[in-house]
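Student: After the sequence you'll find the predicted model.
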Amino acid sequence: MKSNSSLTDLNVNLLSYLRSELDSQDINLMAPATPVTGGFDTRIFRFQLKDAPTEVSRPLIARLFGTSSQNRAVFESAVQTAVADAGYPAPRVFFTCTDESMLGGSFMIMECMPGQAMATRDPIQLNVPLPLMPATLAKAHLELHRIDAEPVRNALDSRGIHRDRYSFEARFTWLVKQIDAPRFAWLHPGLQWIIQNHPENPDRLVICHGDFHPINILVTHGEVSGVLDWSGFLVADPAYDVAITKFLGRLMFSSVCPQFPHLYYDQYLKASPVDAARVEYYEAFRCLWTLLEGAEGHSGWSQPEVMVELSELFQTITRVRISLPG
C-alpha cells in the first residue's frame with residue numbers, strides 16, 4: 001500500500017492486520033479509523049474495535065511512520081511500553097509492524113490516552129488556564145525525572161536496544177555529523193561553540209522525554225493523564241530535558257505568554273535544582289539543532305522570521321553570531 005492510498009484502503013489493511021495478529025476473523029472496526037491532527041512527521045489515526053479481546057477493546061491509536069522507519073517504530077514502541085511499565089502515563093503499545101507493505105510505512109498500535117492536550121497549535125490555543133500550566137507541566141516533568149532509569153534501560157536491553165542509542169553522546173555525535181558539511185558552513189561557528197563547551201557527564205542520569213511541552217501533554221480534570229510522542233527519548237542529564245522544555249516553550253508560546261518558560265523553570269527549580277550553566281548549554285544545543293531543521297525545511301521552523309529568532313537566541317546564549325544564508 002502506497003503512503004498516499006485512500007483512507008478506505010488503510011481501514012481495510014488495518015483490519016486485516018489486526019485480524020491476523022489477534023487470530024480472529026470476527027473482529028471488526030466499530031467505526032472507520034479517522035485522522036488525528038498533530039504529527040509533524042507521522043500520520044495518526046484513531047479507531048476502536050468490536051468483538052475484540054478486552055485489552056484492545058478500548059479506543060486505539062495507529063501511529064504511521066514514513067518509509068524506511070522500521071528502527072524508529074521498534075524504538076518508540078519499546079520506550080513507551082518500558083516507561084508505561086514504570087508507572088508513568090505513556091501510551092502502552094500493543095502491536096508494532098515493520099512490514100511497510102501493510103500501510104505504506106512502519107506503524108504501531110497503542111492505547112488512546114484519555115484527556116485533551118494542554119494546548120493545541122496553529123494557532124496556539126490553551127485548554128488549561130494559563131496560570132495553572134507552568135506548575136502542572138513542571139510537576140509532570142519532575143515525576144518523570146524521579147523514575148528509576150535502570151529498570152527502563154534493562155527493559156530496552158531485553159528488546160535489543162543498545163544504551164548508546166538513547167544517550168546524549170549519540171545525539172551530540174549525530175548533530176556534529178549533520179552540520180559538519182560544506183553546505184552548512186554558516187552553522188560551523190555555532191557548532192564549534194557546542195563542541196568546545198560540551199559539559200562533563202552529570203552524576204545522575206534520568207529519563208528524558210526530549211519534547212516535553214503542553215502540546216504533548218494530555219490532562220483530565222486538571223491532572224496529567226497522558227504524555228505523547230516519545231521520539232526524543234534519552235537517558236541523560238535532567239538539565240537537558242529542562243532546557244528543551246524551556247527552549248520550546250519560548251519558541252512556541254511566546255505569543256500567548258512570553259514568561260511561560262521562566263514560570264515553568266521556576267516551578268521545576270522549587271523541587272529539584274539543576275545547574276543553570278548546563279541548562280543554557282543544552283538550550284544552545286537545541287537552538288542549533290532547530291536551525292539545522294529549519295534549513296532542511298521543517299514546517300515549524302523554516303519561516304524566515306523564526307530562523308532570525310533562532311539565530312538571535314543562539315547569540316544571546318553563547319555570544320556567537322550565526323549569519324543566516326541568503
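Tutor: Arrived safely, thanks for sending.
Student: can you give me the strands for the stretch 51-200 of the chain?
Tutor: Defined through DSSP state E, counting those that start in this stretch, the strands belonging to the stretch 51-200 of the chain, from first to last, are 60-64, 93-97, 107-111, 116-117, 119-120, 125-126.
Student: Present these as CSV; the columns should include mean neighbour count.
Tutor: From N, CA and C alone the C-beta is placed, and that goes for glycine too. Below are these laid out as CSV (neighbours: other Cβ atoms under 10 Å):
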stretch, mean neighbour count
strand 60-64, 23
strand 93-97, 19
strand 107-111, 24
strand 116-117, 16
strand 119-120, 18
strand 125-126, 13
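Student: Looking at the ones you listed, spot the one closest to residue 316.
Tutor: Set against residue 316 and scored by Cβ to Cβ, those come closest in strand 119-120, at 24.9 Å.
Student: Next, count neighbours for residue 276.
Tutor: 11 (other Cβ atoms under 10 Å).
Student: what sits up against stretch 241-255?
Tutor: 119, 121, 123-124, 137, 141, 144-145, 206, 208-215, 232, 234, 260-262, 264-265, 268, 274, 278-283, 285-287, 290, 306, 309-310, 313 (Cβ atoms under 8 Å, 6 or more residues apart in numbering).
Student: Note down every partner strand of the helix or strand of the chain with the lowest mean pLDDT and its orientation.
Tutor: The element with the least model confidence among the helices and strands of the chain, by mean pLDDT, DSSP states H and E, is strand 125-126, at a mean of 90. Applying DSSP bridges to the sheet, strand 125-126 is found paired with strand 119-120 (antiparallel).
Student: close enough to count as contact, residue 17 and residue 102?
Tutor: Yes - under the contact definition of Cβ atoms under 8 Å, residue 17 touches residue 102, with a separation of 5.4 Å.
Student: so which of the strands of the stretch 51-200 of the chain gets nearest residue 197?
Tutor: The closest of the strands of the stretch 51-200 of the chain to residue 197 is strand 119-120. By Cβ to Cβ, the value is 32.1 Å.
Student: Point out the other helices and strands that the longest helix seen in the chain packs with.
Tutor: Longest among the helix segments of the chain by residue count, using DSSP state H, is helix 276-295. Using 3 or more Cβ pairs under 8 Å, 6 or more residues apart in numbering; DSSP states H and E, the elements in contact with helix 276-295 are helix 168-179, helix 188-196, helix 238-253, helix 304-318.
Student: Show me what counts as buried in the next helix or strand after the third one.
Tutor: Counting by DSSP states H and E, the next helix or strand C-terminal to helix 238-253 is helix 260-271. For helix 260-271, a neighbour-count test (16 or more other Cβ atoms under 10 Å) marks 260, 261, 263, 264, 265, 267, 268 as buried.
Student: Equivalent analysis for stretch 154-170, please.
Tutor: The neighbour-count criterion (16+ other Cβ under 10 Å) identifies 155, 156, 161, 166, 167, 168 as the buried residues of stretch 154-170.
Student: same thing with stretch 311-320?
Tutor: Of the residues in stretch 311-320, those with enough neighbours to count as buried (16+ other Cβ under 10 Å) are 311, 313, 314, 317, 318, 320.
Student: avg pLDDT for it?
Tutor: Here stretch 311-320 scores 98 as its mean pLDDT.
Student: Please list the residues outside it that contact it.
Tutor: Taking contacts as Cβ under 8 Å, 6+ apart, the residues outside stretch 311-320 that touch it are 189-190, 193, 197, 250, 280, 283-284, 287-288, 291, 321-324.
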